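Participant: got a predicted structure plus its sequence, pasted below:
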Amino acid sequence: MALFDIFKRKKSDATESVEQLPSTEQPQMTQQEEVDEGLRKTKEGFFGKLARAVAGRAQVDEEFLDELEEVLITSDVGVETTVKIIKNLEARVARDKYMNTAELNDILREEISALLQECEEKSENFGLNITEGVPYVVMVVGVNGAGKTTTIGKLAAQLRKAGKKVYIGAADTFRAAAIDQLQVWADRAGATMIRQDMGSDPASVAFDTLKSAVANGADVVLIDTAGRLHNKVGLMNELSKIRNVMAKIIPDAPHEVMLVLDGSTGQNAFEQARQFTAATKVNSLAITKLDGTAKGGVVIGISDQFSIPVHYIGVGEGVDQLKVFDRNEYVNALFGKK
């Protein structure tokens, strides 16, 4: 059974460094295999705890549910989401009068899958709902260090590979390193980057980017933003100003406000989500760095608690390891393929 079949490891292809260009020549794992490998530490951590809780038990009872609650919370699923899962299991036990531990794997799979929200667009245009004639605008927000710049670079590379014309706006004008790093990614991806001097008005950069993108027939615009949380009012005002100036060029821009969260930070990612959703309207999530952590349960809790779909997950350093999120692949990686 998948519940105990957790220590079978697939051989991982050597992932390429962030500093390298994407290679199409290297042997490719399937998407499911890459997600499996990226979530391996989460699976081992979660199921290791679960196996210890199940050991010696024949049925799911109140005492076991208390232990399961602790397993979920310590796996960074989050308190609110954990309570929801436990209540649903309690209702099942009350209804069915008996539930054996062998059934638990399938039931947990169902419960977790039901809590995960994903974006509807998946296969075409690397998950973006691009329409011909109008650039699709994504404003990317998140704290410094969460992986915003890298996510924008990987997203640009994937979109260019799909034949899309991509513009990047370097509206994080408070860090010279951020602008330079983004320029490197843009050059490698073959995207056009609009930048101004450090300390320039971020809204001015966004305005110029959209104006140029429209004039030159771009398909997608990715706008980087500053990741400062020490002044929430300032952040809110800055993001509002950027949104307002973009709407002057394209009335419904930005079409997507993507919050990038570092999955390895666990509960800190919840706090960042609270801060940014309070500061601006966020309608998609990108959760990065899941391959290096056992805290991948944050995907479940954040998606559920904030009712925001997960658009992308990062399961490795390679450009191709930014994946369009698919909840079936996620639960398969945790529970094994049915």
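Facilitator: Structure received.

Participant: residue 116 contacts residue 329, doesn't it?
Facilitator: No - applying C-beta atoms under 8 Å as the test, residue 116 and residue 329 come out as separate, 10.6 Å apart. Glycine gets a C-beta too; all of them are placed from N, C-alpha and C.

Participant: pick out whichever of the two has more residues nearby.
Facilitator: Each of residue 116 and residue 329 has its neighbours counted (other C-beta atoms under 10 Å); residue 329 has more, 23 against 18.

Participant: wasn't that one part of a helix?
Facilitator: Yes - under DSSP: H, G, I helix; E, B strand; the rest coil, residue 329 sits within a helix.

Participant: that one: what's it in contact with?
Facilitator: 31-32, 35, 323 (C-beta atoms under 8 Å, 6 or more residues apart in numbering).

Participant: are any of those buried, and which?
Facilitator: 35, 323 (16 or more other C-beta atoms under 10 Å).

Participant: okay, and which of the contacts of residue 329 map to helices?
Facilitator: 31-32, 35 (DSSP state H).

Participant: and of the residues you listed, the nearest to residue 211?
Facilitator: residue 31 (36.6 Å; C-beta to C-beta).

Participant: how far does stretch 61-72 sit from its chain's centre?
Facilitator: Computed by C-alpha atoms, centre = their mean, to the nearest Å, the chain-centroid distance of stretch 61-72 equals 28 Å.

Participant: could you list the residues in contact with that stretch?
Facilitator: Looking at what lies outside stretch 61-72 - C-beta under 8 Å, 6+ apart - the contacts are 46, 49-50, 53-54, 57, 81-83, 85-86, 89-90, 93, 101, 297.

Participant: from those, which has minimum pLDDT?
Facilitator: Minimum pLDDT across these is recorded for residue 101, with 73.

Participant: who's in contact with that residue?
Facilitator: 54, 57-60, 64.

Participant: can you turn the buried part of those residues into a PyMOL selection?
Facilitator: The following PyMOL line selects those of the contacts of residue 101 that are buried, judged by 16+ other C-beta under 10 Å:
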select buried, resi 54+60+64
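
Participant: which of the contacts of residue 101 fall within strands?
Facilitator: For those, not one is inside strands, with DSSP state E as the criterion.

Participant: output the contacts of residue 101 in CSV, with distance to residue 110 appended to each entry.
Facilitator: Shown next, in CSV, are the contacts of residue 101 (distance: C-beta to C-beta, whole Å):
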residue, distance to residue 110
54, 17
57, 20
58, 21
59, 18
60, 14
64, 18
